[in-house]
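**Student:** Dropping a prediction and its sequence here:
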Amino acid sequence: MKIFTAAQTRAADQATIQSEGISSEALMERAATAFTDWLTARLSPKEAGEILILCGPGNNGGDGLVVARRLYGRDYTVRVAVLPSENKSGDFQRNFQKLPPEVIVTELSATNLLPIPAGALVIDALFGTGLTRPLEGLAAAVVQHLNAAQARVVAVDIPSGLFSDAPQPADSIVVRARHTVSFELPKLAFMLPHNAEYVGQWHVLPIDLDKKFIEETATKLHFLDAALLAGRLQKRARFAHKGTYGHALLLAGSKGKIGAAVLAAQACLRSGVGLLTLRVPAVGYDVVQTAVPEAMCLTDPAADFVSELPDLTPYSSIGIGPGLGKEKAPQQVLAQLLREAKVPLVLDADALNILAENRELLATLPPDSLLTPHPKEFERLAGPARDDYHRLDLLRDFCQKHRCYTILKGANTCLGTPDGTLYFNSTGNPGMATGGSGDVLTGILTALRAQPLSPLDAALIGIYAHGRAGDLAAQVTGEAGLVAGDIARFIGPALEELTTKESF
Ligand SMILES: NC(=O)C1=CN([C@@H]2O[C@H](COP(=O)(O)OP(=O)(O)OC[C@H]3O[C@@H](n4cnc5c(N)ncnc54)[C@H](O)[C@@H]3O)[C@@H](O)[C@H]2O)[C@@H](O)CC1
Ligand SMILES: [K+]
């Protein structure tokens, strides 16, 4: 799914109004009706209780008025509170006239903020994408009053006070919603970790905006869902043999961290690679041969760290980093690998830390390498970020400068590409914030690059399948009980879901 800016969303609204020959009021009716359907499907009039609908002066407030009318028509008890304003939008005014006379309307003021009982259902339709500056004055006071109440808040389109695609002052006053219900496409603000406390759980309802306009409007921001992966992963050929799907090499593990190598190896094998060889220090030999009998083990002459690069000729992709250590020996191995590798590379964990501490190595990074830092590792590589938006700028710059694909891990893992496009992942759960989860991702990506898939396809499929495997695993283990090995076990089903089905 594409992610549009506020300006692009306005243009999509206009394109729809023109191509369908409808009024903006009709489009508002459509959006607000979708919102009402969403709400009434989840809460009965009894469960909802009296619903307070807070309306601003623009079209977000107009949405709120339509919702009020529609809910009233479905036997919900509603009460409307509006912000006073000299310039209410036309669609606001028209829908204000259409409110049934039985609905109580209060004009908010500094002395009349309306009591909000704990547990009350409140619909936040104060401001949407038309917000031009942080909230202040009465609007800010209303939001602070709402946030102080223990209410169940559902935001229309976006929590009021939040900018949809730009940074804002850290002390901005923003509605804290439990749910945010938006229309057609998600917003960039929903993807960013620091906004989670405002946005709550977000939902996007289709409202039939002009398909052609959406298709033809270029954007460098995408939400990575299953639809975006259609056709990227082919079914395995009937006459496949183990040579068909590549031979991966993993350089991983050190004394006390052989488990990282094992997890990456298990994930690699579960991701469809033909053959896998592991290069581990001597201390890992027994562990690897026992825990991952499907992999070949090429033991390093050194006992505790990988110290020598093996002959690279047989391999179609190479992953390096999990549990590797940052000592002199693995440093030299990485430096040599960057100079000599002729096949796709995946760099993770200590390989990234070595890069950060030996920045001259960055210049030798082969183009199209895949890097998988978590936020701290990324900061070591690209410098500290002022905020979530600045972090995305750093990610874009880093990928463009080093012509690499960088997977910034987190709640909405974000892939940056050399052309500056960003993809935000849709799968995964908090249970995956556990040791070894990243090693599993490295194994998946190394396998996909071996098969061979393009760096973009491997990254997109790998990120999505990793999260999806975690979601499938959590259905069995629960989020708290999830360990990295569980993710590896569910990679197969996750990939199967994405595999192009044979048509008759
Ligand atoms: N354009 C359309 O056809 C559709 C728009 N929709 C709704 O319309 C919303 C956008 O509506 P608008 O563009 O009217 O914008 P908003 O309703 O978000 O707000 C605009 C109003 O707020 C004022 N304002 C902006 N920042 C302020 C601040 N910091 N303090 C006080 N007042 C401030 C503006 O002067 C203007 O009066 C969307 O978020 C969505 O909810 C939906 O109805 C779908 C269709
Ligand atoms: K809102």
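**Tutor:** Received it, and whenever you're ready, just let me know what you need. Remember, it's a predicted structure, so these values are computed and weren't measured experimentally. Ligands and ions are numbered 1, 2, ... in the order given.
**Student:** Which residues are in contact with Leu324?
**Tutor:** The neighbours of Leu324, taking Cβ atoms under 8 Å, 6 or more residues apart in numbering as the test, are 251-254, 257, 305-306, 330, 334, 349-351, 354. All C-beta atoms are positioned from the backbone trio N, CA, C, and that covers glycine.
**Student:** Now, those that are in helices?
**Tutor:** Using DSSP state H to define helices, the subset of the contacts of Leu324 located there is 330, 334, 349-351, 354.
**Student:** For these, pick the one with the most neighbours.
**Tutor:** Within those, neighbour counts (other Cβ atoms under 10 Å) peak at Ala351, which reaches 30 neighbours.
**Student:** which helix of this structure spans the most residues?
**Tutor:** As assigned by DSSP H, the longest helix anywhere in the chain is helix 455-477.
**Student:** Could you list every helix and strand in contact with that one?
**Tutor:** Contacts of helix 455-477 with other secondary structure elements, assessed using 3 or more Cβ pairs under 8 Å, 6 or more residues apart in numbering; DSSP states H and E, are made with strand 221-224, strand 370-371, strand 405-408, strand 414-416, strand 422-425, helix 437-450, helix 484-489, helix 491-498.
**Student:** So which bits of it are buried?
**Tutor:** Along helix 455-477, these residues count as buried under the neighbour rule (16 or more other Cβ atoms under 10 Å): 455-474, 477.
**Student:** Kindly report the same for stretch 401-415.
**Tutor:** Buried residues in stretch 401-415 (16+ other Cβ under 10 Å): 402, 404-415.
**Student:** Show me the protein divided up by domain.
**Tutor:** The chain breaks down by automatic domain parsing into domains covering 6-219, 229-498.
**Student:** I'd assumed Ala81 was in a helix, is it?
**Tutor:** No - secondary structure of Ala81 (DSSP: H, G, I helix; E, B strand; the rest coil): strand, not part of a helix.
**Student:** centroid residue for this structure?
**Tutor:** For the chain, the residue whose C-alpha lies nearest the mean C-alpha position (Cα atoms, centre = their mean) is Asn412; its distance is 2.8 Å.
**Student:** Quick check: it vs Thr442, distance?
**Tutor:** Here the criterion is Cβ to Cβ, to the nearest Å. By it, Asn412 lies 19 Å from Thr442.
**Student:** Check Gly128 too.
**Tutor:** From Gly128 to Thr442 the distance is 41 Å (Cβ to Cβ).
**Student:** Same question for Cys297.
**Tutor:** Cys297 is 18 Å from Thr442, where distance means Cβ to Cβ.
**Student:** Can you name the residues of the stretch 101-250 of the chain sitting close to ligand 2?
**Tutor:** Where proximity means Cβ under 5 Å from the ion, the interface of the stretch 101-250 of the chain facing ligand 2 comprises 124, 155-156, 160.
**Student:** hmm, which two among the residues you listed are most spread apart?
**Tutor:** Largest separation among these by Cβ to Cβ: Val156 and Ser160, giving 8.8 Å.
**Student:** which residues are common contacts for these two?
**Tutor:** For the pair Val156 and Ser160, residues contacting each of them under the criterion Cβ under 8 Å, 6+ apart are 60, 124-125, 128.
**Student:** now, which of these lie close to ligand 1?
**Tutor:** Among the shared contacts of Val156 and Ser160, the residues lying close to ligand 1 (Cβ under 6 Å from any ligand atom) are 60, 128.
**Student:** Which members of the shared contacts of Val156 and Ser160 occur in strands, if any?
**Tutor:** In this view, the shared contacts of Val156 and Ser160 that belong to strands under DSSP state E are 124-125.
**Student:** quick one: contacts for Cys297?
**Tutor:** With contacts taken as Cβ under 8 Å, 6+ apart, Cys297 has the following neighbours: 277-278, 280, 284-285, 288-289.
**Student:** ok so, going back, quick one: which of Gly128 and Thr442 has more around it?
**Tutor:** Each of Gly128 and Thr442 had its neighbours counted (other Cβ under 10 Å), and the higher figure belongs to Thr442 (31 against 27).
**Student:** Contact partners for the residue in the stretch 251-400 of the chain positioned nearest to ligand 1?
**Tutor:** Evaluated by Cβ to the nearest ligand atom, the stretch 251-400 of the chain has Tyr389 as its residue closest to ligand 1, separated by 18.7 Å. In this structure, Tyr389 makes contact with 166-167, 192, judged by Cβ under 8 Å, 6+ apart.
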